[in-house]
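**Q** Generate a structure from the sequence data that follows.
(one chain, ligands or ions: 2)
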Amino acid sequence: MIEIKNLHKSYKMGSNSLHVLKGIDFSVKEGELVAIMGSSGSGKSTLLNILGMLDEADSGDYHLDKVEIRNLNETKAANYRNKFLGFVFQSFNLINYKTAMENVALPLYYQKVGRKERQRKALKYLEQVGLKEWAGHLPSELSGGQKQRVAIARAMAAEPKVLLADEPTGALDSKTSYEVMDLIQQINDQGNTILVVTHEPDIAHMCKRIVHLRDGVIEKDEKVEQVRASAYV
Ligand code: ADP
Ligand code: MG
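**A** Ligands and ions are numbered 1, 2, ... in the order given. From the prediction side, this is the model:
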């Protein structure tokens, strides 16, 4: 599903430049649940943003579902991103003046799905995350865990090939974090490919594989015995 080779990325800072990714190679198969783990500043978000086509690498190859992403023009890239990638962020990024259902329906609007079908799908995905009764509520009326579940429903409503989550539990207490990871595991059990960026070993062990990022390279790439989050919920 994802294949990257010798990926490099630097940030220019005045006359200096900060070399963040120093030759990353890795691939992800359909149906995997992978944690990208590393300390703060190790380049996890930089890598995820490149995988999510929110940013571009300086060099290297990136194939997503067999297409070389780095050759796409901007319009094609945007279409590709909307169609194939779903995002979940630490800070939820919900639209405050829209209800839970409207937030979930929004990506479908950009995919030009009709109004009735948008509503049907939004409700279906809200139900999947256990929040059907909260469809008409605004984000300000929801807890942190509920907001993240709405954000996950929104990402899934567009039926992406890959779900990319950057510190999805970073703003949540540990019990709520496990609830969110339980949901992520359930979505992965249905066959969806998911990448989770985290600096927390506990959270990483709820994935099936852990890629350790350090000093701009992959230090270790290991399969792990997945800990079921449901045991803690
Ligand atoms: P992580 O997500 O692992 O905490 P990041 O990928 O956000 O790490 O950042 C890696 C390094 O790159 C950090 O030193 C950070 O300060 C720097 N960095 C991130 N984004 C930018 C940017 N847009 N401009 C300059 N430096 C950046
Ligand atoms: Mg980060």
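**Q** Show me the strands in the protein, by range?
**A** Shown for the chain, the strands assigned by DSSP state E span residues 2-13, 16-28, 33-37, 59-64, 67-68, 85-89, 162-166, 193-198, 209-214, 217-223.
**Q** got the contact list for the closest residue in space to Asp61 that isn't next to it in sequence?
**A** Among residues not flanking Asp61 along the chain, Lys5 sits closest, at 4.4 Å (Cβ to Cβ, 6 or more residues apart in numbering). The way it works is simple: take the backbone N, C-alpha and C, and place the C-beta from them, glycine included. By Cβ atoms under 8 Å, 6 or more residues apart in numbering, the contact set of Lys5 is 25, 60-61.
**Q** which one of the strands of the chain has the lowest average pLDDT?
**A** Of all these, mean pLDDT reaches its minimum on strand 67-68 (a mean of 88).
**Q** what about that one, distance to the chain center?
**A** Going by Cα atoms, centre = their mean, to the nearest Å, the spacing between the C-alpha centre of strand 67-68 and its chain's C-alpha centre is 20 Å.
**Q** can you list contacts of it?
**A** Around strand 67-68, the neighbours that count as contacts under Cβ under 8 Å, 6+ apart are 61-62, 80.
**Q** What is the nearest of those residues to His212?
**A** Tyr62 (20.3 Å; Cβ to Cβ).
**Q** Would you check that that closest one makes contact with Gly52?
**A** No. In this structure, Tyr62 sits apart from Gly52 without contact. The criterion is Cβ atoms under 8 Å, and the distance is 10.8 Å.
**Q** contacting residues around the nearest residue to Gly60 once chain neighbours are set aside?
**A** Taking Cβ to Cβ, 6+ apart as the measure, Gly60 lies nearest to Leu7, with 3.6 Å between them; neighbours along the chain are not counted. Contacts for Leu7 (Cβ under 8 Å, 6+ apart) come out as 21, 23-25, 47, 50, 57, 59-62.
**Q** what about 6 Å?
**A** 21, 24, 57, 60 (Cβ atoms under 6 Å, 6 or more residues apart in numbering).
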